[in-house]
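Colleague: would you be able to build a 3D model of this:
(2 chains)
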Amino acid sequence: DQQVKQNSPSLSVQEGRISILNCDYTNSMFDYFLWYKKYPAEGPTFLISISSIKDKNEDGRFTVFLNKSAKHLSLHIVPSQPGDSAVYFCAAPRIQGAQKLVFGQGTRLTINP
Amino acid sequence: DVKVTQSSRYLVKRTGEKVFLECVQDMDHENMFWYRQDPGLGLRLIYFSYDVKMKEKGDIPEGYSVSREKKERFSLILESASTNQTSMYLCASSLSTGGNEKLFFGSGTQLSVL
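Modeller: Below you'll find the predicted structure:
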């Protein structure tokens, strides 16, 4: 049962434009979400997170939006840069306050010059 | 910075071999994890350890075992490697605070079982 789903395997965006990566979840008990970024030949690194008590969290060029009623979150990158080309995973702790994360399938983002 | 080190970047093994994947973290983290990453499936949790000698099964533990004799080291063991265990294996660690601490990952071990 894929509790966290990223339905777009890949996304291609022009440099300088906005990148929007989407994630859906099925478990209404999830109360915290994270985005990880992964370059080839490297492990995933933490990018940004959001608690369910918020609907938006911003960190520089990265903003995560949470729509609890739709069980949907999105990561916005503005403006997109070539160094943002990577695979992005959304994740949620399967138990509140724990770090056993369940991950989505990942979206490969390519930023074109 | 937290450093999570996986002993091998690439491994090639034969079917039926016993395989050891080693992971060491240098930040005194209580929690350690083994995930595997496969295209279209994301990262899936194999095993989790929250203390020395303690372990808990993840979503796909079949065919794997783990060992945590020291706090900084977490080993993944493939008892008898099979071709469907060809994958990228990622080790991670985190603090145990009761909150939502982020995971720190190693660079991964790409295992090919022939």
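Colleague: check contacts around B:Y64.
Modeller: Residues counted as contacts of B:Y64 (Cβ atoms under 8 Å, 6 or more residues apart in numbering or on different chains) are B:34, B:46-47, B:76-79. (Each C-beta comes from the backbone N, C-alpha and C, glycine too.)
Colleague: buried only: go through these for me.
Modeller: Buried members of those, scored by 16 or more other Cβ atoms under 10 Å in any protein chain shown, are B:34, B:46-47, B:76, B:78.
Colleague: can you name the residue of chain B nearest chain A?
Modeller: At 3.1 Å from chain A, B:F105 is the closest residue in chain B, using Cβ to the nearest Cβ.
Colleague: in what helix or strand does the closest residue to that residue other than its chain neighbours lie?
Modeller: In space, B:F105 comes closest to A:G43 once its chain neighbours are excluded; the distance is 3.1 Å by Cβ to Cβ, 6 or more residues apart in numbering or on different chains. A:G43 belongs to no helix or strand when elements are defined using DSSP states H and E.
Colleague: same question for the one 3 residues further on.
Modeller: A:F46 belongs to strand A:45-51 when assigned by DSSP H and E.
Colleague: how about B:N84, secondary structure?
Modeller: Under the three-state scheme (DSSP: H, G, I helix; E, B strand; the rest coil), B:N84 adopts helix.
Colleague: could you export the host helix or strand of B:L76 as PDB, CA atoms only?
Modeller: Taking DSSP H and E as the criterion, B:L76 maps to strand B:73-78. What follows is strand B:73-78, C-alpha atoms only, in PDB (Å, rounded to 0.1, in the frame of the first residue of the first chain):
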ATOM      1  CA  ARG B  73      27.700   0.800  13.400                       C
ATOM      2  CA  PHE B  74      24.800  -0.900  11.700                       C
ATOM      3  CA  SER B  75      25.300  -3.800   9.300                       C
ATOM      4  CA  LEU B  76      22.900  -5.200   6.800                       C
ATOM      5  CA  ILE B  77      23.300  -8.900   5.900                       C
ATOM      6  CA  LEU B  78      21.900 -10.700   2.900                       C
END
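Colleague: so what strands line up beside the following helix or strand past that strand?
Modeller: The C-terminal neighbour of strand B:73-78 among helices and strands, as given by DSSP H and E, is strand B:87-94. Counting by DSSP bridges, the strands paired with strand B:87-94 are strand B:31-38 (antiparallel), strand B:104-105 (antiparallel), strand B:109-113 (antiparallel).
Colleague: list the contacts for the closest residue to B:T5 other than its chain neighbours?
Modeller: Nearest residue to B:T5 in three dimensions, chain neighbours excluded: B:V24, at 5.0 Å (Cβ to Cβ, 6+ apart). Residues in contact with B:V24 (Cβ under 8 Å, 6+ apart) are B:4-5, B:7, B:72-73.
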